[in-house]
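Chemist: Using only what follows, build the 3D model:
(3 chains)
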Amino acid sequence: MQSLLEIKNLTKKFSLGSIISRLRITAVDNVSFGIKPAEIFTLAGESGCGKTTIAKMILGFEEPTSGAIVHKGRRLKKREKVWFTQGVQAIFQDPFGTFNPLRRVDCYFFEAVHNYKLARDKKEAQELINRKLKSVGLSFEEISGRYPSEFSGGQLQRVSIARSLLIDPSLLIADEPVSMVDASLRMSIMNLFKKLREEFGVSVIYITHDLATAYYISDRVAIMFRGNIVEMGPVEKVLMEAKHPYTKLLRNSIPEVDPGKRWSGKITLSDIEHEEYLREGCKFAGRCPRAMDICKREAPEDIYVDGILVKCHLYRRNRILIKNGKERQNSQHLK
Amino acid sequence: MVRVVKDLFKDYRFAFSFSIFCLLVIFAALSTFSPYDPTFWFHAPRNLPASWTHFLGTNSKGQDIFWQATFAIRNSLIISVIAGVVSRVIAVLVGLVAGYRGRTTDRVLMFISDGLLVMPLFLIIVLLAMLVRERMNLVNLGLLLAFFGWAWDARVIRSQVLSLREREFTQTAILSGTGTLKLVIKEYLPFVTPLVFSTLINNMSWAIGMEITLSIVGLTNMDIPTLGTMLQWAISYQSLLLGLWTWLLTPVILSIFLFIALYWLSVSISEYLDPRTRVQRVGEK
Amino acid sequence: MSVLTAEKLKSFYVLDILGAEKVVKAVNEVDLEIRENEIYGIAGESGCGKTTLLKALYASIEPPLRLISGRVFYVRDSQEIDVYSLSKEEKRRLRWEYIAYIPQGAMSVLNPVIKLKQTYRDFLDSHVAGKTKKEAFDMTREHINKLGLPAKILDAYPHQLSGGMRQRVTIALAALLKPRIMFADEPTTALDVVVQRGVIQLLKGIQEILGNTIVLVTHDMGVHANLTDRIGIMYAGKMIEEAKTEEIFGNSLHPYTQYLINSLPKFGDKGSRESAPGSPPSLVDLPSGCPFHPRCPYAFDICTEQMPEFLDVGNHHKVACWLMKEGKDAIAS
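Modeler: Residues are numbered from 1 along each chain as shown, chains lettered A, B, ... in the order given. This is a model prediction of the structure:
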């Protein structure tokens, strides 16, 4: 199956600081992954790992420092307006920030219909909008003439999804869509994403730090840490049989909804954030419970283990090593 | 809308200033009934005290002070309204475009704006006024003042736009396909409007003050009655020494009332629009 | 031994929106009894009134929020203190020494232009007189170390630390004067998951060391499961269920609590899950009788007419639901 979206060696560097002391931070470091049609792909990681920056680069809001983004076989130009040309839409974390508090919510719908020429007159436009709203469990009468403050967070987020569905997108980028919605209402939105994939064939890039919801809806997941993808593969394998120590940490930090399974051990957190970005070698070495000497000197390569991509020295001696795009059977020659 | 006005009236400052302002506007409107042409001299005996035929007496040029004052208020208000409105329009356009576009457009526009802020306004206006003295009428004076009044607010509006640009609804509008100009007007203008409205009133105050100053210095057309020119004539005819109180005090008192009214209008409206103070006042009833 | 009691607490927001008066019934007759040496959690959706309940318990009620009726008692040295009858000065002395409040987004209280050790010293100075610079610093360092935080952070400015560290430093600051009761409002919301774990660890550590009471408000049931001893579930301004944590998760009785527990995703289980249908009611326009009846699958007539009482059904498990009395007969028939 031809992939819908291919990210190839994407890198983004930012400069911070003043004239006197400049820091170059690599927010996204040589990231590559692909997305198939009708697939839910999760980019998981804590804040500062680069997942939002990748989303911005796909949408054309930021320009990559190097690397390529290929959509439906065609390489995207710099800052290309993908929402116009490619049918890519996005929904954001804060439903109340997504809409202008001083404007009625339906304005955005009518504007989109007008700008993308989706209907010939007002009646058709209203029908189209009503259809899209019905697919998220709302209706036109419910939202007509109302301001964002009159809705709850969960409802407003669904309105936001309906708006993005107007142009029948092939790819939806959802940046932390439920982190500001109450825990008890999250499921209805998660189920909605599932429905979009099954009924409309929409692919979703789900960006989050909550692995529990990621487990619930995704097909594949990529765990990111400070700009690198440290583990990637089918969600069952990555989350249930975590290989990279950071994935394990992330997985174990989710509080289990069961008082019988409380945490026993303690964890260490990073004190000063910059340091980790600028580290030589593996960026997680400072906090990793299984760090070795080589981890502090050399950055690990991408290694395939058991169908999963892992970026960790622990798996050096493994079956297939991918170098420069060519597969090499190394197992007999490695000690 | 009616509720907003009712709420505003609960603030004594608004009630007072709004009524004063209304009275002054009515006073200005009376000028249409004036039996005398304001530019003519000697249509009445000079230096008469207040009486029933001449409500505030007459001045040394033989003009009825009361009717002169109605014209004076009318003209001053016209100048300040022109100055205020035109400068707001320029400030909003410059601020919105500079804030949203950024980079070169922003740099150029802010360079011009900063230049106008830094220049010694009074000297430049005096210079220009001297040059166009012959063709100085109400509209020209208003436009001249407008040209120098937009710079400060353009910067303020620009900073608000800079912060609005980072908010997520900007991205929603972009994703809905909206172009730059439409986006800026539909999305940002509602945020900027309260600011613009309160600075409009401030700007009007400034314009009146400026006009009075220019008149005292003798740079405006002395035949057109305004608060400033009335004052200037009164001073140059030694009304203080001669005890011609009505002539001297009429423009002074009218100006004072006008300034207080405009100031209190501006303060009460901007306080009303600020949501934080509203929340505090509620619940104390 | 109860350390904090609330009796029939009613606290509403009285708003004046464009001339029309709106009353938001945020805390609509709540009875609470919190004991010493326990962690009590208050759970519920946003807009159910839990933050307001916390403010009312902390006696920080300011317009437009008003206390309509009810009382709040603290028990200090075996004496009952009615918080709302205290003067401003007496309240101030209680604060931070006896009770501490950690608001949402607490990390923003740190002054960005002074070093952390200075913040701590200023804090100490305003409550404990007569400590020299060195004594204050030693006290602070000991306190920080005990809680498992590295002492070198005291020499840093707030912006040099990570978000998680700032949150924990602020919580440690609240615990500095060893308060008997600590109120924490959504301490883990908007934090990364690993940082969340660090904060939960810290709160647990504080409670173990000081042996005090922590009242924790959050909508995240996972945090409750991991940290609390007892939980109270709030819905539309009312307390509808209260029990030991194990009871709430294993044997919840109120239909809303059941929805709440069942809608949470669990690892290893990709089976479909559902949230409660509909949305929580507006606190301005509450439904008659039990506020949950429009969304409740078991609702019957009396639910629309009368609010059920908050009754103990055994084992200190309290529920406010008609199912407990009438329901059993109604379902049987």
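
Chemist: As a check, name the ranges of all helices in the stretch 151-300 of chain C.
Modeler: Residue ranges of the helices in the stretch 151-300 of chain C, as given by DSSP state H, counting those that start in this stretch, are C:163-174, C:193-210, C:221-227, C:245-250, C:255-262.

Chemist: average pLDDT for stretch A:146-158?
Modeler: In this model, stretch A:146-158 carries a mean pLDDT of 85.

Chemist: ok, back up a step: could the helices of the stretch 151-300 of chain C go into a markdown table alongside distance to chain A and mean pLDDT?
Modeler: All C-beta spots, glycine's among them, are computed from the backbone N, C-alpha and C. Written out in a markdown table, the entries for these read as follows (distance: least, CB to the nearest CB, whole Å; pLDDT from 0 to 100):
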| stretch | distance to chain A | mean pLDDT |
| --- | --- | --- |
| helix C:163-174 | 5 | 84 |
| helix C:193-210 | 4 | 87 |
| helix C:221-227 | 3 | 88 |
| helix C:245-250 | 5 | 88 |
| helix C:255-262 | 5 | 86 |
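
Chemist: Tell me which of these sits nearest to chain B.
Modeler: Between chain B and the helices of the stretch 151-300 of chain C, the shortest separation by CB to the nearest CB is 19.0 Å, and it involves helix C:163-174.

Chemist: same for the closest one, what does it pack against?
Modeler: Using 3 or more CB pairs under 8 Å, 6 or more residues apart in numbering or on different chains; DSSP states H and E as the contact test, the elements touching helix C:163-174 are strand C:99-102, helix C:116-127, helix C:193-210.

Chemist: mind listing the helices in chain A by residue range?
Modeler: Per DSSP state H, chain A carries helices over the ranges A:51-59, A:82-85, A:95-98, A:106-115, A:122-135, A:140-143, A:153-165, A:186-200, A:211-217, A:235-240, A:245-252, A:273-278, A:293-297.

Chemist: In terms of mean pLDDT, which of those ranks lowest?
Modeler: Per-segment mean pLDDT for the helices of chain A reaches its minimum on helix A:273-278, at a mean of 64.

Chemist: How about stretch A:208-224 and chain C, any contact?
Modeler: Yes. Between stretch A:208-224 and chain C, judged by CB under 8 Å from any CB of the partner chain, the touching residues are A:209-213, A:215-216.

Chemist: now the helices of the stretch 151-300 of chain C as JSON lines including mean neighbour count?
Modeler: Conversion of these to JSON lines gives the following (neighbours: other CB atoms under 10 Å in any protein chain shown):
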{"stretch": "helix C:163-174", "mean neighbour count": "23"}
{"stretch": "helix C:193-210", "mean neighbour count": "20"}
{"stretch": "helix C:221-227", "mean neighbour count": "24"}
{"stretch": "helix C:245-250", "mean neighbour count": "19"}
{"stretch": "helix C:255-262", "mean neighbour count": "20"}
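
Chemist: Output those helices in JSON lines; the columns should cover distance to A:Ile58.
Modeler: Written out in JSON lines, the entries for the helices of the stretch 151-300 of chain C read as follows (distance: least, CB to CB, whole Å):
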{"stretch": "helix C:163-174", "distance to A:Ile58": "26"}
{"stretch": "helix C:193-210", "distance to A:Ile58": "24"}
{"stretch": "helix C:221-227", "distance to A:Ile58": "31"}
{"stretch": "helix C:245-250", "distance to A:Ile58": "40"}
{"stretch": "helix C:255-262", "distance to A:Ile58": "35"}
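
Chemist: between those helices, which gets nearest to C:Val75?
Modeler: Proximity to C:Val75, assessed across those by CB to CB, is greatest for helix C:193-210 (16.7 Å).

Chemist: who does that closest one touch, helix- and strand-wise?
Modeler: Judged by 3+ CB pairs under 8 Å, 6+ apart, helix C:193-210 is in contact with helix A:245-252, strand C:39-43, helix C:163-174, strand C:213-217, helix C:221-227.

Chemist: ok, and what's touching the longest one?
Modeler: Pointing back at helix C:163-174 there. Taking contacts as CB atoms under 8 Å, 6 or more residues apart in numbering or on different chains, the residues outside helix C:163-174 that touch it are A:47, A:269-271, C:96, C:100-102, C:106-107, C:109-110, C:116, C:119-120, C:123, C:143-144, C:147, C:149, C:153, C:158, C:161, C:182, C:184, C:187, C:191-192, C:194-195, C:198-199, C:202-203, C:206.
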